[in-house]
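Undergrad: Here is a sequence together with a model predicted from it:
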Amino acid sequence: MDAVSTPALRPADSPVAGHDRLARFRPWTRGALVANVVAQVGIIVSGGAVRLTGSGLGCSTWPHCEPGRFTPEFHEATSLHPYIEFGNRTLTVVLGMIGLLVLLLVWTDRGRATPYRLLGLVPLAGVAAQAVIGGVVVLLDLHPGWVSLHFGVSAALVWVSAYLLHRHDEGDGTPVPIGPRAVAATGTALGLLLVPVIALGVLVTGSGPHSGDAEVGYRFALDPLTVTRAHSASVWAFLGVLAVLLVLVHRLPADDPARAARAAAWLLLAVTLAQGAVGYVQYFTGLPALLVGLHMLGAGLLVWATANALLHLRTR
């Protein structure tokens with residue numbers, strides 16, 4: 001039986017299906033997981049809009065937007081900042097609803113292995129954690145450490161959400177590498193390199209003009225040029241290891257897992273090159289806000305594409 005189709009092929013008269021009160025909704029699971037990945041990337045873009053427009057304190061308190069009010073208060077002197085920040089908070093609510101749906105569909109699926117079911121808890125727990133971190137960010141007047149943590153947790157949630165979607169599709173068999181040890185080792189190195197790529201990218205933004213505070217030109221007392229060069233070096237190292245991975249997967253026998261791994265690796269290369277191109281263009285054009293926002297979208301897509309490529313280096 002094909003491992004990818006295993007979760008969907010549950011006979012209606014099986015013991016599991018007979019006691020599954022949500023059986024009619026199980027076909028929705030994959031859609032909910034895809035929506036979760038999209039929303040996790042979307043909240044990065046939404047948070048980027050808050051930062052790039054200096055709207056981090058558009059709502060002056062938390063969990064209310066203004067004291068005694070959950071929504072912004074309109075008056076003649078009202079700017080767009082409260083609405084941008086409130087929009088980001090509203091998207092968090094949507095993400096929480098998706099997380100709840102994922103929890104219901106994944107955790108209650110007793111036809112799947114417990115490790116997979118436990119992963120269903122992560123999206124909703126992550127949204128709750130992000131809500132608390134976002135509140136601390138507001139209450140501490142956009143403290144740069146907490147702002148950076150806010151983005152880091154979002155990146156981690158994109159990775160876990162990509163992993164959860166892949167686990168849903170591949171079933172619960174024992175994972176088997178698709179090639180020799182060198183393939184897996186190269187994939188591990190690529191995943192580890194993603195950490196400094198993202199972390200240094202956060203430091204670049206926090207040390208530049210789009211740090212999120214309209215009154216302060218930077219939030220981290222770091223030399224922007226030095227941090228930018230370090231970030232660029234980490235991306236080139238990432239590209240070098242990705243090139244090695246592409247060579248290795250193209251040496252594998254042309255079976256279905258190898259073809260899927262090649263496609264995922266080429267997709268990752270396309271995302272990485274596009275992200276790098278945006279990064280260089282924004283650097284040489286004075287960091288226009290629109291390109292910086294596009295770069296933040298690229299960061300979320302890069303995390304997803306990396307997870308997708310590495311997960312295709314095995315099969316179940």
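TA: Perfect, thanks for sending it.

Undergrad: all contacts plus neighbour counts: C-alpha atoms, from now on.
TA: OK.

Undergrad: Now do the helices in the stretch 151-300 of the chain.
TA: 181-206, 224-250, 256-284, 289-311 (DSSP state H, counting those that start in this stretch).

Undergrad: Output the ones you listed in a markdown table, with distance to Y163 and mean pLDDT appended to each entry.
TA: Below are the helices of the stretch 151-300 of the chain laid out as a markdown table (distance: least, C-alpha to C-alpha, whole Å; pLDDT from 0 to 100):
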| stretch | distance to Y163 | mean pLDDT |
| --- | --- | --- |
| helix 181-206 | 13 | 93 |
| helix 224-250 | 19 | 95 |
| helix 256-284 | 14 | 94 |
| helix 289-311 | 7 | 93 |
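
Undergrad: and those helices, which is most packed in?
TA: For those, the largest average neighbour count (mean count of other C-alpha atoms under 10 Å) is found in helix 289-311, namely a mean of 22.

Undergrad: Which helix or strand lies directly C-terminal to it?
TA: Sequence order places strand 314-315 as the next helix or strand after helix 289-311, per DSSP states H and E.

Undergrad: so how far is that next one off the chain centroid?
TA: Centroid separation for strand 314-315 versus its chain: 22 Å, with C-alpha atoms, centre = their mean, to the nearest Å.

Undergrad: In the sheet, which strands lie alongside that strand, parallel or antiparallel?
TA: Strand 314-315 has its sheet partners listed here by DSSP bridges as strand 176-177 (antiparallel).

Undergrad: what does the average pLDDT come to for the strand it pairs with?
TA: Averaging pLDDT along strand 176-177 yields 92.

Undergrad: if we can go back for a sec, could you point out which of the helices of the stretch 151-300 of the chain sits nearest L124?
TA: Ranking the helices of the stretch 151-300 of the chain by their distance to L124 (criterion: C-alpha to C-alpha) puts helix 289-311 first, at 18.4 Å.

Undergrad: The closest one - contacts with which helices or strands?
TA: helix 29-52, helix 144-170, helix 181-206, helix 256-284 (3 or more C-alpha pairs under 8 Å, 6 or more residues apart in numbering; DSSP states H and E).

Undergrad: Quick one: list the elements packing against the longest one.
TA: Going back to what we said before, that points to helix 256-284. helix 224-250, helix 289-311.

Undergrad: hang on, the earlier thing: tabulate the helices and strands packed on helix 289-311 (JSON lines), appending distance to L302.
TA: Output for the helices and strands packed on helix 289-311, formatted as JSON lines (distance: least, C-alpha to C-alpha, whole Å):
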{"stretch": "helix 29-52", "distance to L302": "10"}
{"stretch": "helix 144-170", "distance to L302": "10"}
{"stretch": "helix 181-206", "distance to L302": "9"}
{"stretch": "helix 256-284", "distance to L302": "6"}
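
Undergrad: closest to C65 out of those helices?
TA: Closest among those, using C-alpha to C-alpha: helix 29-52, at 14.1 Å.

Undergrad: what does the closest one contact?
TA: The contact list for helix 29-52 (C-alpha atoms under 8 Å, 6 or more residues apart in numbering) reads 56, 81, 84-85, 87-88, 91-92, 95, 98-99, 101-102, 105-106, 123, 151, 154, 157-158, 161-162, 164-165, 168, 210-213, 289, 292-294, 296-297, 300-301.

Undergrad: can you give me how far the next helix or strand after that helix is from the chain middle?
TA: Using DSSP H and E, the helix or strand that follows helix 29-52 in sequence is helix 81-107. On the basis of C-alpha atoms, centre = their mean, helix 81-107 sits 14 Å off its chain's mean C-alpha point.

Undergrad: of the contacts of helix 29-52, buried ones?
TA: 56, 81, 84-85, 87-88, 91-92, 95, 98-99, 101-102, 105-106, 123, 151, 154, 157-158, 161-162, 164-165, 168, 210-213, 289, 292-294, 296-297, 300-301 (16 or more other C-alpha atoms under 10 Å).

Undergrad: hang on, the earlier thing: the helices and strands packed on helix 256-284: which one's closest to H64?
TA: The minimum distance between H64 and those falls on helix 289-311, with 26.4 Å, by C-alpha to C-alpha.
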